[in-house]
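Peer 1: Any chance you could fold what I've pasted below:
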Amino acid sequence: MVEAQSWTTRRGSNPRFEPNNDQVLDIPVTPTAEVRQQQNSSLISPGILTAAIIASWYFSNIGVLLLNKYLLSFYGFRYPIFLTMLHMISCALYSLFAIKWLEIVPFQQIQSRKQFFKILALSVIFCISVVCGNTSLRYLPVSFNQAIGATTPFFTAIFAFVITFKKESAEVYVALVPVVLGIVLASNSEPLFHLFGFLMCVGSTAGRALKSVVQSLLLSSEGEKLHSMNLLLYMAPMAAMILLPFTLYIEGNVLSATVEKARGDGFMVFLLIGNATVAYLVNLTNFLVTKHTSALTLQVLGNAKAAVAAVVSVLIFRNPVTAMGITGFGVTVMGVILYSEAKKRSKATAH
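Peer 2: Now for the predicted structure:
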């Protein structure tokens, strides 16, 4: 509140400035970033906004799979490590912009050297998981890749028991049986089965599970907890630096080959930039879905995503499927749903 002031004059004298205590001026407070976001979102119906976010989540999660498959298997860009490094660079740059300028979440700093090395360890696991996943797409159809990826809860339960000695209820362990059984059925009947691609995909799935368990263990204290978007901001550049020597050593002249191909085909530049952008949108939409709905909704969407991605990939790439393969995939997805329900009941009983 600022007092209004008035000018008074006397004959033969200069104007005199006197305060007027009868009037006050209201100066509005500058809105914070959170308030501005709420004002902008209020212009859109909550239902429409949530539907748009979920649609974006499906588009980004399935889109990055299809783009990776197209680049690595059909387009002839056979550099999965370099492609993963581009994803990490993209995530680092977009995260910096989203947090520092758009202020989608408060910026958090690394508090200690110990916390830094914990994030570095997660970055190593993250690198291995993503590189294995992208490599598997060179050899396996997306549908089979997603069937294997659906077994993440199985590996999560194993690592949680081995690393943290956490035991689940008998119901949870029983629900994991169809998860594994479905993959056995799908693997035995997969027309395009490739052993190396299968092992890479299993490694990627196990890596995702290991990262989630290690992350909950390493960053469990209140002083070290980081928001998922801040964690990505720090992990992505670390992962890019880890991957650089490997892509140069294993994939040879990947930089010169990419530049040379880009000069002859400008569409490749568009594909790489688009692919790297969609890779970041996967992380952004994960956060937005959780923010506007719940973590449980994200889990349910994840269960359905594998089936949707498999159907879309078959329609686009026309890879052959068998009745036994479809059955195996269905058994795995059903097992994941049963596992999620069993976990939910187990938590409710514990509380």
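Peer 1: Tell me where the model's unsure across the stretch 151-300 of the chain.
Peer 2: 294-296 (pLDDT under 70).
Peer 1: show me the contacts for the closest residue to Ile53 other than its chain neighbours.
Peer 2: Counting by Cβ to Cβ, 6 or more residues apart in numbering, the nearest residue to Ile53 once its immediate chain neighbours are dropped is Leu288, at 4.9 Å. Where you see a C-beta, it was placed from the backbone N, CA and C, and this is true even at glycine. Applying Cβ atoms under 8 Å, 6 or more residues apart in numbering to Leu288 gives the contacts 53, 56-57.
Peer 1: Would you convert those into a markdown table that also reports secondary structure?
Peer 2: Putting the contacts of Leu288 into a markdown table (DSSP: H, G, I helix; E, B strand; the rest coil) gives the following:
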| residue | secondary structure |
| --- | --- |
| Ile53 | helix |
| Ser56 | helix |
| Trp57 | helix |
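Peer 1: can you pick the most crowded of these?
Peer 2: Sorting the contacts of Leu288 by how many neighbours each has (other Cβ atoms under 10 Å) puts Trp57 first, at 23 neighbours.
Peer 1: Run through the strands of this structure in chain order.
Peer 2: Along the chain, counting by DSSP state E, strands occupy 2-8, 16-25.
Peer 1: For the first one, the averaged confidence score.
Peer 2: Mean per-residue pLDDT for strand 2-8: 48.
Peer 1: Near the residue nearest to Ala98 when sequence neighbours are not counted, how many other residues are there?
Peer 2: Using Cβ to Cβ, 6+ apart and skipping the chain neighbours, the partner closest in space to Ala98 is Ile104 (5.0 Å). By other Cβ under 10 Å, 18 other residues sit near Ile104.
Peer 1: does Ile104 really touch Phe97, like I thought?
Peer 2: No - counting by Cβ atoms under 8 Å, Ile104 stays clear of Phe97, with 9.7 Å between them.
Peer 1: where's the residue nearest to Ala98 relative to Tyr94, distance?
Peer 2: 11 Å (Cβ to Cβ, to the nearest Å).
Peer 1: cool, and Arg263?
Peer 2: From Arg263 across to Tyr94, the span is 26 Å (Cβ to Cβ).
Peer 1: ok, now Phe154?
Peer 2: From Phe154 to Tyr94 the distance is 32 Å (Cβ to Cβ).
Peer 1: residues contacting Thr262?
Peer 2: Actually, residue 262 is Ala rather than Thr. Shown in contact with Ala262 (Cβ under 8 Å, 6+ apart): 268-269.
Peer 1: List phi and psi for the residue nearest to Ala98.
Peer 2: When read as degrees, to the nearest 10, the backbone of Ile104 gives phi -70, psi -30.
Peer 1: Model confidence for it, exactly?
Peer 2: Ile104 carries a pLDDT value of 89.
Peer 1: Give me the nearest residue to the residue nearest to the spatial centre of the chain, chain neighbours excluded.
Peer 2: Centroid-nearest residue in the chain: Asn283, 2.8 Å away (criterion: Cα atoms, centre = their mean). What sits nearest to Asn283 in space, not counting adjacent residues and going by Cβ to Cβ, 6+ apart, is Leu232, at 5.4 Å.
Peer 1: residues in contact with the one you found?
Peer 2: Contacts of Leu232 by Cβ under 8 Å, 6+ apart are 91, 95, 283.
Peer 1: rerun that using 10 Å as the cut-off
Peer 2: By Cβ atoms under 10 Å, 6 or more residues apart in numbering, the contact set of Leu232 is 88, 91-92, 94-95, 98-99, 126, 226, 239, 280, 283-284, 286-287.
Peer 1: closest to Lys211 among these?
Peer 2: Within these, distances to Lys211 taken as Cβ to Cβ reach their minimum at Phe126, with 5.9 Å.
Peer 1: any residues touching stretch 215-231, and which ones?
Peer 2: Residues contacting stretch 215-231 (Cβ under 10 Å, 6+ apart): 95, 98-99, 104-112, 114-115, 117-119, 121-123, 125-126, 159-160, 163-164, 166, 232-235, 283-284, 286-287, 290.
Peer 1: ok, of the residues you listed, which come out buried?
Peer 2: 95, 98-99, 104-105, 115, 118-119, 122-123, 125-126, 159-160, 232-235, 283-284, 286-287 (16 or more other Cβ atoms under 10 Å).
Peer 1: Okay, and which of those map to helices?
Peer 2: Using DSSP state H, the members of these that fall in helices are 95, 98-99, 115, 118-119, 122-123, 125-126, 159-160, 232-235, 283-284, 286-287.
Peer 1: Against Ala160, how distant is Leu210?
Peer 2: In terms of Cβ to Cβ, Leu210 sits 10 Å off from Ala160.
Peer 1: With Gly328 instead?
Peer 2: Gly328 sits 25 Å away from Ala160, taking Cβ to Cβ as the criterion.
Peer 1: what does Pro106 give?
Peer 2: Applying Cβ to Cβ, the value for Pro106 to Ala160 is 30 Å.
Peer 1: In this structure Phe159 contacts Thr205, no?
Peer 2: No - counting by Cβ atoms under 10 Å, no contact exists between Phe159 and Thr205, whose distance comes to 11.4 Å.
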